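Enquirer: sharing a model prediction with you, sequence too.
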Amino acid sequence: MEDTVTAINSLLQQYSLYIPQITWTDVIEIIIIAYVLYNVLIWIKDTRAWALLKGIIIVVALVMIAVLLNLRTILWIAGKAISVGIIAIVIIFQPELRRALEQLGRKRVFTGLFGFDFGRPQQDRFSSRTVEEIINATYELAKDKTGALIVIEQDMLLSEYEQSGIELDAVVSSQLLINIFEHNTPLHDGAVIVRGDRIVSATCYLTLSDSNAISKELGTRHRAAVGGSENFDCFIIVVSEETGYVSVAVGGELIRNIEGEELRSKLEYIRHKTMDVKSFRLWKGRLKSEGKIVE
Ligand SMILES: Nc1ncnc2c1ncn2[C@@H]1O[C@H](COP(=O)(O)OP(=O)(O)OP(=O)(O)O)[C@@H](O)[C@H]1O
């Protein structure tokens, strides 16, 4: 065996070829870098950074042409512009970078590894009665094409959104939810925040998402649902005034036009566990493959 390895090595050396030794740390590094790059590219694709990336590719192509033609003045300007450009990118994309870091912080990798989970005690988040009340209200509102935005708190406290609205402290009931979103009533605008079995606030303002992935046919209500779920780990239900479709958003992703049974199964799930982006994507994929959602 050793003879074979030596023979192969001398053969490679003869042709000036060199195969580096790959250790298990190299493999780990390759996996980590591939994972990080993949996620950065996905993030770029879903934000304004996508247009920026295309701009950078064009600039790099122009610089390469300048190198080939030895255009020294242009190369000098490009060299000086790089450091300023990097600072400018950080300033321009500060909101996206902040959101990306927040999303990273929300991933359960570290809490799982080191055990510092600041979540609540292991008990049901809300009762199955609350699930039924939310579902009844949602589909009643959908039937009448009354727009609604219901934010269900998971692990992260939604105080920021809560404070932007009018404080309530009422047990969740379908009648109350329907009443809140009734047109031309003082509380119908904005979102309702549900914490446990109670509605804590109405007319709340959620941060609008600036994601390019949101369909152009959707307006600010859906954009607010996506934006709200980008910043916090909440589960958001949207009823469209235009179509009567029920959609849900988690982690900046939206599933449109879902059926009551699907919504019930997910609300039952988050009664006991936190729904994160990964499980939401898996659910989205399954619904798509089963043809249960229309996009
Ligand atoms: N940032 C926000 N936070 C909470 N609610 C919002 C926000 N922006 C808009 N809304 C709600 O969305 C309503 C406007 O919805 P709009 O028609 O623009 O959205 P849409 O996504 O097209 O929904 P629909 O299908 O219901 O028309 C507002 O009246 C308000 O109630």
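Expert: Here it is on my side, so go on.
Enquirer: over to the residue in the stretch 1-150 of the chain that the ligand sits nearest to: give its phi and psi.
Expert: Here the residue of the stretch 1-150 of the chain nearest the ligand is residue 147; by Cβ to the nearest ligand atom that distance is 3.7 Å. The way it works is simple: take the backbone N, C-alpha and C, and place the C-beta from them, glycine included. Backbone dihedrals for residue 147, given as degrees, to the nearest 10, come out at phi -70, psi 140.
Enquirer: residues contacting it?
Expert: 141, 181, 221, 239-241 (Cβ atoms under 8 Å, 6 or more residues apart in numbering).
Enquirer: would you list the residues you listed in a markdown table and tack on neighbour count, secondary structure and pLDDT?
Expert: Shown next, in a markdown table, are the contacts of residue 147 (neighbours: other Cβ atoms under 10 Å; DSSP: H, G, I helix; E, B strand; the rest coil; pLDDT from 0 to 100):
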| residue | neighbour count | secondary structure | pLDDT |
| --- | --- | --- | --- |
| 141 | 25 | helix | 97 |
| 181 | 26 | helix | 97 |
| 221 | 20 | helix | 96 |
| 239 | 25 | strand | 97 |
| 240 | 21 | coil | 96 |
| 241 | 17 | coil | 95 |
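Enquirer: got the residues of the stretch 101-250 of the chain near the ligand?
Expert: For the stretch 101-250 of the chain, the residues in contact with the ligand (Cβ under 6 Å from any ligand atom) are 147, 149, 189-191, 205-206, 208, 218-222, 224, 240-242.
Enquirer: the helices in the chain, which residues?
Expert: Assigned by DSSP state H, the chain shows helices spanning 2-14, 24-45, 49-68, 72-92, 94-106, 109-114, 128-143, 159-163, 174-181, 220-231, 260-272, 277-289.
Enquirer: worst mean pLDDT among those helices?
Expert: Mean pLDDT is lowest for helix 109-114 out of the helices of the chain, coming in at a mean of 48.
Enquirer: residue contacts, the residue in the chain that the ligand sits nearest to?
Expert: As assessed by Cβ to the nearest ligand atom, the ligand sits closest to residue 219 within the chain, at 2.4 Å. Residues near residue 219 by Cβ under 8 Å, 6+ apart: residue 242.
Enquirer: how close does it get to residue 243?
Expert: 11 Å (Cβ to Cβ, to the nearest Å).
Enquirer: same question for residue 288.
Expert: As judged by Cβ to Cβ, residue 288 and residue 243 stand 19 Å apart.
Enquirer: okay, residue 19: pLDDT?
Expert: 67.
Enquirer: er, residue 16 actually
Expert: Predicted confidence (pLDDT) for residue 16: 66.
Enquirer: filter the residues of the stretch 101-250 of the chain next to the ligand down to the buried ones.
Expert: The neighbour count (16 or more other Cβ atoms under 10 Å) marks 147, 149, 190-191, 206, 208, 218, 221-222, 224, 240-241 as buried among those.
Enquirer: now, which of those sits nearest residue 92?
Expert: For these, the residue nearest residue 92 by Cβ to Cβ is residue 208; the value is 17.9 Å.
Enquirer: so the closest one makes contact with residue 227?
Expert: Yes. The pair residue 208 and residue 227 qualifies as a contact (Cβ atoms under 8 Å) at a distance of 4.7 Å.
Enquirer: overlap in contacts, the two.
Expert: Common contacts of residue 208 and residue 227, defined by Cβ under 8 Å, 6+ apart, are absent altogether.
Enquirer: got the domain ranges for this protein?
Expert: 18-107, 128-289 (automatic domain parsing).
Enquirer: off-centre distance for the longest one?
Expert: Remark: domain 128-289 is offset 15 Å from the chain centroid, using Cα atoms, centre = their mean, to the nearest Å.
Enquirer: what does the first one give?
Expert: Averaging C-alpha positions (Cα atoms, centre = their mean) puts domain 18-107 21 Å from its chain's average.
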